[in-house]
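> What follows is a predicted protein model with its sequence.
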Amino acid sequence: MIEIEQMKARIKSLARGCDERKRLAIQLKALRSKKWREEHPNYEQERAQINESKRVPKKSNMYLITNEAWVGFVKIGRATDVQARLKSYQTSSPLRDYKIEFSVEVLDVHGIERFLYNKYEMINEWTKADVEDIKNDLIKLKNKTKL
């Protein structure tokens, strides 16, 4: 604590804009941060636990969309209105050939989406996987509230 107080006094004694003052201010900030981390060694774990406990499962729809132009690729997504989401994709395709393969209402849309994104190798929101496999996962998980 004495070291911090001495640094604060030294910083105040130096002229504004002085390089040494800037350097000492950075060192003081680092020292305070180090001291705080020593006093709170489990901060990251505690913060993660608090954030997880505050997470409220959100009810919404999960869907699987395909396009004949990209054989074997499936888009895994979430939306409150799946048909409206499909229409937004159709505007980018002159053939209007996006197709909803499956849609289901789920209780924990964020948790299920995270689970699927971790299970399947994703390229943005698309994966090269079998539609039936993903569909079966969605059917199994749709009533889960915390993943």
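Sure thing, it's come through.
> make it CA atoms for all contacts and neighbour counts henceforth
Noted.
> Okay, domains of the chain per the record?
Residue ranges for the domains of the chain, per automatic domain parsing: 2-53, 60-141.
> How far off centre is the last one?
If you compare the mean C-alpha spot of domain 60-141 with that of the full chain, they lie 18 Å apart, counting by Cα atoms, centre = their mean, to the nearest Å.
> what pLDDT does the residue nearest the centre of the chain get?
In the chain, the residue lying closest to the centroid (Cα atoms, centre = their mean) is residue 114, at 8.3 Å. We have a pLDDT of 91 for residue 114.
> What of the one 5 residues further on?
What the model reports as pLDDT for residue 119 is 94.
> Equivalent analysis for residue 147, please.
For residue 147, the model assigns a pLDDT of 68.
> again with residue 40
pLDDT, residue 40: 81.
> same check, this time on residue 47
The per-residue pLDDT reported for residue 47 equals 79.
> Which one of the domains of the chain has the poorest average confidence?
Across the domains of the chain, the lowest-scoring stretch is domain 2-53, with a mean of 80.
> how far out from the middle of the chain is that one?
Offset of domain 2-53 from its chain centre (Cα atoms, centre = their mean): 29 Å.
> on that earlier part again, ranking the domains of the chain by burial, who's on top?
By mean neighbour count, with neighbours taken as mean count of other Cα atoms under 10 Å, domain 60-141 ranks first of these at a mean of 16.
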